[in-house]
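Trainee: what would the 3D arrangement of this be:
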Amino acid sequence: MGLFRRPETTSAPPADGARPTPGPGLWSRGFGLAATRSLQTLSVLALVAIGVLVITQLSLVFIPVTIALILASAIHPLVAFMRRRGVPSILATWIALIGILAILGGIVWVIVLTVRSQWDDLIDSATDGITQVTAWLDTLPFDFASFDLDEVWAGVGDFLTSASFGRGALAGVSATASFFTGLALMIVVLFFFLKDGPRIWEFLLRPFAGTSYERARRIGDKTVDVFGGYIRGTSIVAAADALGIGIGLAILQIPLALPLAVIVFLTAFIPLVGATAAGILAALVALVTHGPVAALIVVGIVVLVNQLEGNFLQPVVMARSLKLHALVILLALTTGTILGGIVGAVLSVPIAAVAWGIITVWDGPHTPAKPFRKKRPETV
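Mentor: Numbers count the residues shown, from 1 in each chain. Sure, this is the predicted structure:
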C-alpha cells in the first residue's frame, strides 16, 4: 500500500542549536518585490516633493544662499591664492568681495548709462522702422488691418488708470523689496562663505564619522569644484559670445550695441536658449532701426558665434564642469523655469551638474554610486 507514498525524509538537526535559514519570503520575490520597490520609489518622490515645496516657500533664503555658494566657489581660488601669498584672511576676503560687487555694479551701471544716452535715438529709429514696415505691408496684395495709434495710446492710458495697474504696481513694490532683501542676504552670506567656508562645512560634518564623513567630504569638494568650474567656464564662453556679437553690432552701427552685448553675456548663463534669445532681441532692434537686411546680418552673426562657441570653445572650457547630456540640460531648464522663473532657469543647470557630480564620487574619488556604474559596453 505504500507504493504511491512519498518517502519520508528526515533533515539533520542544525548544528550547535543554530536555526535553519528561512527561504525567500513573500516580499522578496515576484509581486512582493515589485510592491517593495514601488513603495521605496514613492517614498523618495514624496521626500523630493516635500523638499521642492520647502524650497519654493523659502525661496527668499534658498536663492540668495545658493547664489552666494556659487559665487564663493568661483572666487575661492583667488582667495586661496592671496592667503598663500601671505595676505591676511580677512583682507583677502574683503578684496574678493569688493571686487565681485564692483564688477557686478559696473555691469549694471554701464547698461543703465548706455540705455539712457541712446534711448531717445532708439525710440525715433523704432518709430521710423514701424512706419516703414506699415507702408511696406500696405503694398502687399493682402488686406491687413491698420492700427490706430490714438486708440492704442488711449488703451494704454485706461490701463494706467485702472485698478489692475494699481495692484500690479503694489506687487512690483513688494517684488523690489524682496529683491533688495535677498541681495543684502546674499552679500552677507557670501562674505562668510569666503571667510569661513571650510570651517562652516566642517561644522556641518560633525554628525558624520568614518565612511560617512569621507563621503560627505568628497561631496563638499565636488560641489565647490563643479560650481566654481561652471561659473568660470560659463563666464569665459559668455564673454566670447558678447564680444563677437557686440563687435558685429558695432560694425553695423546698431543702437544699444553695448547693452545688447551685456545682455548676451548675462543670458549666456542660461544654456541652450539664453544666447539665442539675446540674439533674437538684437535682431529685432536691428529690424526696427536698420531694416530687414541688417536684421538678417545680425541673425547670421549670432548663428556664427553660437557655432564657434558650441564646436570649439565650450567643449574645451566646459568639459570638466558640465558633463550633462543636452536632454538633461533642457529638462533641468524647464523644471527650473517652472519652479523659479528666470532665477530658476539660471540655477537649475549648475544644480543638476552638482547632483551628477555627487553621484560620480559617491563610493570613492573615482567610483560612482553602484546603480550608475557602467556594467556593460554601451552603444553610441
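Trainee: ok, which stretches of the stretch 1-150 of the chain are helices?
Mentor: With DSSP state H, counting those that start in this stretch as the criterion, the stretch 1-150 of the chain has helices at 30-57, 59-84, 89-138, 149-160.
Trainee: just the angle between the first one and helix 59-84, please?
Mentor: Put plainly, it is helix 30-57. 80 degrees (axes from the mean of the first three to the mean of the last three Cα atoms, to 10 degrees).
Trainee: low pLDDT regions in the chain?
Mentor: For the chain, the stretches with pLDDT under 70 are 1-30, 115, 118-138, 140-175, 272, 315-323, 378-380.
Trainee: and the gap between Val189 and Ile329?
Mentor: 27 Å (Cβ to Cβ, to the nearest Å). C-beta here means a position set from N, CA and C on the backbone, and glycine is covered the same way.
Trainee: then Phe203?
Mentor: According to Cβ to Cβ, Phe203 and Ile329 sit 34 Å apart.
Trainee: more neighbours, the two?
Mentor: Legend: neighbour count by other Cβ atoms under 10 Å for Phe203 and Ile329, higher for Ile329 (19 against 9).
Trainee: element containing that one, please.
Mentor: helix 326-360 (DSSP states H and E).
Trainee: contacts only, for Leu71.
Mentor: Applying Cβ atoms under 8 Å, 6 or more residues apart in numbering, one finds that Leu71 lies in contact with Ile100, Leu190, Ile231.
Trainee: any idea how many residues pack against the closest residue to the last one other than its chain neighbours?
Mentor: What that stands for is Ile231. Nearest residue to Ile231 in three dimensions, chain neighbours excluded: Ala74, at 3.9 Å (Cβ to Cβ, 6 or more residues apart in numbering). Neighbours of Ala74 under the rule other Cβ under 10 Å: 20.
Trainee: please apply the same query to the one 5 residues further on.
Mentor: The criterion is other Cβ under 10 Å. On that basis, Val79 has 21 neighbouring residues.
Trainee: hang on, isn't it packed against Asp196?
Mentor: No. In this structure, Val79 is not within contact of Asp196 by Cβ atoms under 8 Å, at 11.3 Å.
Trainee: hey, what's in contact with both of these two?
Mentor: Going by Cβ under 8 Å, 6+ apart, no residue sits against Val79 while also sitting against Asp196.
Trainee: secondary structure class of Pro271, three-state.
Mentor: What DSSP: H, G, I helix; E, B strand; the rest coil gives for Pro271 is coil.
Trainee: next, the angle helix 326-360 makes with the helix or strand harbouring Val262.
Mentor: Using DSSP H and E, the element containing Val262 is helix 257-267. With the same axes, to 10 degrees applied, the angle from helix 257-267 to helix 326-360 works out at 50 degrees.
Trainee: hey, where'd the helices end up in the stretch 201-350 of the chain?
Mentor: Ranges of helices in the stretch 201-350 of the chain, per DSSP H, counting those that start in this stretch, are 211-251, 257-267, 274-290, 292-308, 314-317, 326-360.
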